[in-house]
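[1] Dropping the sequence and predicted coords here.
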Amino acid sequence: MDTSMLVIARKDGSSSSRRQKRFDSVAEGEAALLEWVVEGFNVFWTEIGEGGLSKPFDLVDGERVYL
């Protein structure tokens with residue numbers, strides 16, 4: 001069974017430009033990260049299952065760069 005993934009995204013850290021969604025699988029969550037970068041989001045947090053939120057990060061050339 002695949003684990004769900006929560007993705008939270010902000011544009012320039014602004015709480016007014018925020019998107020949040022829990023995906024049914026990690027693969028879907030990772031795909032959303034790539035789509036949301038194109039839409040201008042640049043600060044992300046993820047949570048896999050109930051594991052707690054990650055540190056904030058940006059995606060640079062497809063790689064996570066922790067802030």
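    Sure, I can see it.

[2] need the next SSE after the lengthiest strand in the chain, C-terminal direction.
    As assigned by DSSP state E, the longest strand anywhere in the chain is strand 14-23. Proceeding N to C from strand 14-23, the next assigned helix or strand is helix 26-38, under DSSP states H and E.

[3] what's the helix or strand for Leu53?
    With DSSP H and E as the test, Leu53 turns up in no helix or strand.

[4] who does the longest strand of the chain touch, helix- and strand-wise?
    strand 5-11, helix 26-38 (3 or more C-beta pairs under 8 Å, 6 or more residues apart in numbering; DSSP states H and E). Glycine gets a C-beta too; all of them are placed from N, C-alpha and C.

[5] what angle separates it from helix 26-38?
    150 degrees (axes from the mean of the first three to the mean of the last three C-alpha atoms, to 10 degrees).

[6] which of the residues in strand 14-23 are buried?
    Residues of strand 14-23 classed as buried: Phe23 (neighbour count, 16 or more other C-beta atoms under 10 Å).

[7] what's in contact with the lowest-mean-pLDDT helix or strand in the chain?
    Sorting the helices and strands of the chain by mean pLDDT, DSSP states H and E puts strand 14-23 at the bottom, at a mean of 90. By C-beta atoms under 8 Å, 6 or more residues apart in numbering, the list of residues contacting strand 14-23 from outside reads Ser4, Met5, Leu6, Val7, Ile8, Ala9, Arg10, Lys11, Gly29, Ala32, Trp36, Phe41.

[8] Sounds good, over and out.
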